[in-house]
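Undergrad: Output the structure for:
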Amino acid sequence: MGKSQIARGAIRHALLDTRAALGYSSPVPPAESFSRGFLALLIKTALVPAFIVLLALGVLAVPTAPKTRSEAAQPGLLPVATATAAPTVTPSPTSTLTPTPTATATATTTPAPTATLTPGPTSTAAPRSRPQPDGVRRSARVPILMYHYVSIPPDPGDRLRVDLSVLPDNFDAQMKWLAENNYQPITLTDVYYYLAIGTPLPENPVVLTFDDGYVDQYENAFPILQRYGLVGTFFVLAGPADVASPRYLTWHMIAEMSAAGMDMQAHGRDHVDMRRRADEFLYFQIVGARQAVEAHTGKPAAFFAYPAGRYDANTLRLLDRYSFWMAVTTRNGRVHTLDAPLELTRVRIRGGDSLGKFIAKVTAGE
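TA: Coordinates of the predicted model:
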């Protein structure tokens, strides 16, 4: 029997066995069926592995499309990600080269204004140099007029306030008379220069002083002085100006008046009695006030008026120690020398003075 016949017989018996397994009757006897079933099982176990091997070889033998150069260099997604990574974005170092050097350059220019501006408020220790007296004794007959309020007293029954208050209309008439009669308002600086080194004074000199720094001096006296082209010397209080008290001149007003040609000087930080005071107290009240005035006006304040005219020997020593040129009192008089430059006399203008009384006070002794 050939191999082909054996194979056909085996396949035939396998089919018959399959029919029997499915419920069909088998035409093969049982003994013969057993031998044939064993042979079919053997064939199955040999053919299945062979089929798997052939299938595997067929898959491997299938030709694959050739990869491009870029695919060979980038076999997966991760290399692609690394290929497009930061190196192409790294030009950011160029951004660090831009504004930073210029920013540091501008910083070098900023200290200049602060260095020049900050010393301003404290640069009061060196006012315009005071000329040393030339040894010639001189005297000057100059009325230094003393004003306080230039306003209508709010309470006619307040006798002190009425006495210290010159009505605006009366003040206007007084200034008009001075201007029409060729009186020349000067400052205390002019008086000192004449007494110390003989600098000539104008004809008919007069000094117009205002104590306490009341706000009506800005509201009423200041515009009248400007109307007639006259200069006034205002002794102001630093304390009320610091808090912008509504009854007193503010620093803004003081600066405005100074810029317009008025002479702004110190009257103290507060309106207090300067007698029997410690040096520290006097320094704060007198020198501190001068520093504040100079800081807000940008001009020297080398003169002082004693509040209510009260002072003692210790007050005089402090003024001399800190180079005040002259100071004015409330004592009556009109003739001045350098024998007592810190105790100049003045002429008080009262609220009840008529124009005739005012003229008599100005011209007395002529």
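Undergrad: how close does residue 211 get to residue 248?
TA: From residue 211 across to residue 248, the span is 12 Å (Cβ to Cβ, to the nearest Å). Bear in mind the C-beta positions are built from the backbone N, C-alpha and C, glycine included.
Undergrad: where are the low-confidence patches of this structure?
TA: When residues are selected by pLDDT under 70, those of the chain lie in 1-128, 365-366.
Undergrad: all helices of the stretch 201-350 of the chain, in order?
TA: 216, 222-227, 238-242, 251-259, 279-282, 288-297, 313-321 (DSSP state H, counting those that start in this stretch).
Undergrad: Nearest to residue 268, out of those?
TA: Proximity to residue 268 (Cβ to Cβ) singles out helix 288-297 among these, at 5.2 Å.
Undergrad: one step back: mind checking which of the helices of the stretch 201-350 of the chain is nearest residue 129?
TA: That would be helix 288-297 among these, by Cβ to Cβ, at 14.9 Å.
Undergrad: what helices or strands is that closest one leaning on?
TA: helix 238-242, helix 251-259, strand 263-266 (3 or more Cβ pairs under 8 Å, 6 or more residues apart in numbering; DSSP states H and E).
Undergrad: hey, which of those is tucked in deepest?
TA: Highest mean neighbour count among the helices and strands packed on helix 288-297 (mean count of other Cβ atoms under 10 Å): strand 263-266, with a mean of 25.
Undergrad: helices or strands up against it?
TA: Secondary-structure packing of strand 263-266 (3+ Cβ pairs under 8 Å, 6+ apart): helix 188-197, strand 233-236, helix 251-259, helix 288-297, strand 303-305.
Undergrad: Using CSV, please lay out those together with distance to residue 323.
TA: Shown next, in CSV, are the helices and strands packed on strand 263-266 (distance: least, Cβ to Cβ, whole Å):
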stretch, distance to residue 323
helix 188-197, 12
strand 233-236, 18
helix 251-259, 21
helix 288-297, 10
strand 303-305, 11
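Undergrad: Tell me how many other residues surround residue 166.
TA: By other Cβ atoms under 10 Å, 25 other residues sit near residue 166.
Undergrad: Check the one 4 residues further on too.
TA: Burial of residue 170 is recorded as 18 neighbouring residues (other Cβ under 10 Å).
Undergrad: repeat for residue 152
TA: Residue 152: 15 neighbours (other Cβ under 10 Å).
Undergrad: Settle this for me: it is touching residue 168, isn't it.
TA: Yes - contact status for residue 152 versus residue 168: in contact at 7.5 Å, counting by Cβ atoms under 8 Å.
Undergrad: circling back to that earlier point, tell me which of the helices and strands packed on strand 263-266 lies nearest to residue 336.
TA: Nearest of those (Cβ to Cβ): helix 188-197, 6.3 Å.
Undergrad: Now do the closest one: everything it contacts.
TA: Surrounding helix 188-197, the residues in contact under the criterion Cβ atoms under 8 Å, 6 or more residues apart in numbering are 130-134, 138-140, 142, 144, 199-201, 205, 207, 233, 263, 265, 302-303, 325-326, 328, 336-338, 341, 344.
Undergrad: Quickly list what residue 140 is bridged to.
TA: Taking DSSP bridges as the rule, residue 140 bridges to residue 336.
Undergrad: Can you name the residues that contact it?
TA: By Cβ under 8 Å, 6+ apart, the residues touching residue 140 are 191, 194, 195, 201, 205, 335, 336, 337.
Undergrad: closest to residue 296 among those?
TA: Using Cβ to Cβ, residue 191 comes nearest to residue 296 of those, at 24.2 Å.
Undergrad: Please report how far the closest one lies from residue 279.
TA: Here the criterion is Cβ to Cβ. By it, residue 191 lies 28 Å from residue 279.
Undergrad: just residue 157 next, same as before
TA: As judged by Cβ to Cβ, residue 157 and residue 279 stand 41 Å apart.
Undergrad: So for these two, which residue has more residues nearby?
TA: residue 279 (11 against 7).
Undergrad: Burial check on the nearest residue to that one once chain neighbours are set aside, number of neighbours?
TA: Computed as Cβ to Cβ, 6 or more residues apart in numbering, the closest residue to residue 279 that is not its neighbour in sequence is residue 318, at 6.3 Å. Using other Cβ under 10 Å, residue 318 is surrounded by 20 other residues.
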